[in-house]
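Visitor: Turn this into a model:
(chains A, B, C and D)
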2 protein chains.
Amino acid sequence: MRWSEIDTIPCPVAQAMSAIGDTWSMLILRDALRGATKFEEFQRATGASRAIVADRLSHLVEHGVFTREKYEDHPPRYAYRLTPRGRDLQPVLMMLSHWAEEHLRKSPSDKPLRLSGRRHTTCDHAFTPVITCSHCGEAATPDTIIYDVPRHVAVKR
Amino acid sequence: MRWSEIDTIPCPVAQAMSAIGDTWSMLILRDALRGATKFEEFQRATGASRAIVADRLSHLVEHGVFTREKYEDHPPRYAYRLTPRGRDLQPVLMMLSHWAEEHLRKSPSDKPLRLSGRRHTTCDHAFTPVITCSHCGEAATPDTIIYDVPRHVAVKR
DNA sequence: GAGGGTTAGTTCAGAAAACAGACTTACACA
DNA sequence: TGTGTAAGTCTGTTTTCTGAACTAACCCTC
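Guide: Numbers count the residues shown, from 1 in each chain, chains lettered A, B, ... in the order given. Coordinates of the predicted model:
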């Protein structure tokens, strides 16, 4: 199995990762959600090489996560803007950040990291994300969720 | 900037991706959350080469996402089990799946994919995950969230 | 009008990493 | 003696990445 064949796996996690690309793409998405739109902004903020940034941006455009709009003709200059599909990745990045803040302290005795203050404008309070059930509104914690996994994908026990 | 230096970036997204590893690690996590514990199970389910599986598993053990327990001495056999830190990645994987199911249909006219039925045992209904605010309990959609990003990380506008 | 800054890339060679497939070890069962 | 299972390691090729230089066209300052 090659990287390039990952998109053939019939699984939403594999499909999602295939569309996003890799860690550099994640960092580019993070910066886009913070407001970055220009090539140079992405390059500076991620610290990745120019070739990587060019490659990942075109991958993300191909997969409908960004649009590439010319905002100047001579010389050609482009703005990369998140599509609705791209903006919908915000919850994924937020949960990832939340996980890191909870778990990735430097030493076990450290307090949880709080690198980014997250504020809910509806109630104007700092908060942490809580996943709830679209049907009953109660918390959907890992132990209250079961999956009906298609038989051909299921792991043999 | 090298891959190996990603963990030096003071950003929870970078830290999280550094701890997780890459797409193969994501697939390994997916399988672990489905109940896989053995090397061979991970190898079959992900389709990655044995070297990749061995490498990613040891990476994840190093980062406290899995434990490696010997369950047989001769010959040595190991079970990989998720730690609490690893289990807490479940919401991340769930949001990623949800995004793929909503957005990655084969053609624009297709209905959203529903590859895995997600059921909430509290109310016994199929559901989609909704992120809410830990303070007021209302939906925390991207447009109702603002970040207080530390100045040294902020993108210049 | 010379020089520097900005923006969005492309190109190149050498270095690093990923990868498939074969191999190893060791037991169980027939 | 042979097949199956399990958990890797090893090897040599293939692919990707890095870092630096280069292009190109405009703007601004001196």
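
Visitor: so where's chain A uncertain?
Guide: Under the criterion pLDDT under 70, the flagged ranges of chain A are A:106-116, A:149-157.

Visitor: and it, what are its domains?
Guide: A:3-87, A:90-144 (automatic domain parsing).

Visitor: Are stretch A:34-41 and DNA strand D in contact anywhere?
Guide: No - Stretch A:34-41 does not reach DNA strand D (Cβ under 7 Å from any atom of the strand); its nearest approach is 10.9 Å. Just so you know, the C-beta spots here come from the backbone N, C-alpha and C atoms, and that holds for glycine as well.

Visitor: How about that stretch, which residues are buried there?
Guide: Residues of stretch A:34-41 classed as buried by neighbour count (16 or more other Cβ atoms under 10 Å in any protein chain shown): A:Arg34, A:Ala36, A:Thr37, A:Phe39, A:Glu41.

Visitor: Please list the members of the residues you listed that lie in helices.
Guide: A:Phe39, A:Glu41 (DSSP state H).

Visitor: Closest one to DNA strand C out of the buried residues of stretch A:34-41, please.
Guide: Nearest to DNA strand C, judged by Cβ to the nearest atom of the strand, of the buried residues of stretch A:34-41 is A:Phe39 at 3.7 Å.

Visitor: Please work out how many residues are found near A:Cys123.
Guide: 15 (other Cβ atoms under 10 Å in any protein chain shown).

Visitor: measure the residue most central in space within chain A to B:Glu40 for me?
Guide: Centroid-nearest residue in chain A, with Cα atoms, centre = their mean: A:Leu93, separated by 4.2 Å. Counting by Cβ to Cβ, to the nearest Å, the gap from A:Leu93 to B:Glu40 is 33 Å.

Visitor: I figured A:Lys38 was touching A:Tyr71, is that so?
Guide: No - using Cβ atoms under 8 Å, A:Lys38 makes no contact with A:Tyr71, being 9.2 Å away.

Visitor: who touches both of those two?
Guide: A:Arg77, A:Tyr78, A:Ala79 (Cβ atoms under 8 Å, 6 or more residues apart in numbering or on different chains).

Visitor: And stretch A:134-148, what's buried?
Guide: Residues of stretch A:134-148 classed as buried: A:His135, A:Ala140, A:Ile145, A:Tyr147 (neighbour count, 16+ other Cβ under 10 Å).

Visitor: Return the member of those nearest to DNA strand D.
Guide: Closest approach between the buried residues of stretch A:134-148 and DNA strand D, by Cβ to the nearest atom of the strand: A:Tyr147, at 22.9 Å.

Visitor: May I have the secondary structure class of the closest one?
Guide: Here A:Tyr147 is recorded as strand under DSSP: H, G, I helix; E, B strand; the rest coil.

Visitor: so who does A:Cys136 touch?
Guide: Applying Cβ under 8 Å, 6+ apart to A:Cys136 gives the contacts B:His120, B:Thr122, B:Cys123, B:His125, B:Phe127.
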